[in-house]
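A.B. asks: fold the following.
(4 chains)
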2 protein chains.
Amino acid sequence: MARTPTTHDPFNAVAEPKRRRILEALGAEERSVNEIVKKLGWTQPMVSKHLGVLKQVGLVSERRVGRQRMYRVNAQRLRPIYDWVTPFERYWSENFDRLDEVLQELKKEK
Amino acid sequence: MARTPTTHDPFNAVAEPKRRRILEALGAEERSVNEIVKKLGWTQPMVSKHLGVLKQVGLVSERRVGRQRMYRVNAQRLRPIYDWVTPFERYWSENFDRLDEVLQELKKEK
DNA sequence: TGCATATATTCCCATATCGGAATATAATAA
DNA sequence: TTATTATATTCCGATATGGGAATATATGCA
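C.D. replies: Residues are numbered from 1 along each chain as shown, chains lettered A, B, ... in the order given. The predicted structure is shown next:
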């Protein structure tokens, strides 16, 4: 077995920086391939290929309009990432620091 | 150029499910390699190798105690992931749905 | 039909990957 | 010193990657 395929899950798909850029570029909008190409300044095949991966993983959905393909972010597919990382937020948050301070205080009191 | 190396950034390091499991297993605690091995039921070299990647990326830090190596999560290194994914949260959240409803209402009123 | 536009696909290759097995290193104990 | 414990490293192979260049497909238009 090699590395987990990029199309296996959102974590792997989004590990590639260019795919993150594409999702950012889309935002809440629906955009054609060429719009993304122009916005990011990459080659068209490059954008298409990354969109292909994002589509396979379900991170974007595609709609055909004439000869254009309109893409939009499927945000809920990012939720596993959000849900996984969020619990760690407390480790760097202010509250966690305070908890640490409290523990230090308790030690001193002893 | 092939795929971005796993040691390049937190996104890539965490794309591997087993490395996510290790971070989960650590949580807020400091644990030795063997504790993780027992907790997860994997082989020791496997755990060590994944810890090696996590350490290179800075997602864990290591402290030597006798012949043991104690590892702990470096949570703030997960922050780039949190920061990147959080803005998308609004696209699936209740508030965003409500905004959509409001827009629908406005259309009907016309 | 024939041409232009919009997008996808194929071919190629250098590069890392993850896992397993075996082995190396380091620290402690007898 | 020698044995044992704790952990890291090396070697291997099958596999997928992302980029570039060229090409295919598909739709619309004259």
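A.B. asks: give me the element the closest residue to A:E30 other than its chain neighbours is part of.
C.D. replies: Ranked by Cβ to Cβ, 6 or more residues apart in numbering or on different chains and with sequence neighbours excluded, the top spatial neighbour of A:E30 is A:R72, at 4.3 Å. Every C-beta, even on glycine, is put in place using the N, C-alpha and C of the backbone. Here A:R72 sits within strand A:68-73, counting by DSSP states H and E.
A.B. asks: most centrally placed residue in chain A?
C.D. replies: For chain A, the residue nearest the mean C-alpha position is A:V14 (5.0 Å; Cα atoms, centre = their mean).
A.B. asks: got the contact list for that one?
C.D. replies: Going by Cβ atoms under 8 Å, 6 or more residues apart in numbering or on different chains, A:V14 touches A:20, A:23, A:59, A:78, A:81, B:11, B:15.
A.B. asks: list just the nearest of these to DNA strand C.
C.D. replies: B:A15 (7.1 Å; Cβ to the nearest atom of the strand).
A.B. asks: what's the neighbour count on the residue nearest to A:H8 when sequence neighbours are not counted?
C.D. replies: Closest residue to A:H8 apart from its sequence neighbours, by Cβ to Cβ, 6+ apart: A:V57 at 7.7 Å. Using other Cβ atoms under 10 Å in any protein chain shown, A:V57 has 21 neighbouring residues.
A.B. asks: residue contacts, A:V57?
C.D. replies: So A:V57 contacts A:6-10, A:12-13, A:77 (Cβ under 8 Å, 6+ apart).
A.B. asks: just A:P5 next, same as before
C.D. replies: A:N12.
A.B. asks: on that earlier part again, for DNA strand C, see how far away the residue nearest to A:H8 is.
C.D. replies: Computed with Cβ to the nearest atom of the strand, to the nearest Å, the distance linking A:V57 and DNA strand C is 14 Å.
A.B. asks: any idea of the pLDDT on that residue?
C.D. replies: Note for A:V57: predicted pLDDT of 97.
A.B. asks: phi, psi of the residue nearest to the centre of chain A?
C.D. replies: phi -90, psi 0 (degrees, to the nearest 10).
A.B. asks: that one and B:L40: what is the separation?
C.D. replies: For A:V14, the distance to B:L40 equals 24 Å [Cβ to Cβ, to the nearest Å].
A.B. asks: what do you get for A:G52?
C.D. replies: Noted for A:G52: a distance of 34 Å to B:L40, by Cβ to Cβ.
A.B. asks: next one: A:A2
C.D. replies: Distance from A:A2 to B:L40, by Cβ to Cβ: 21 Å.
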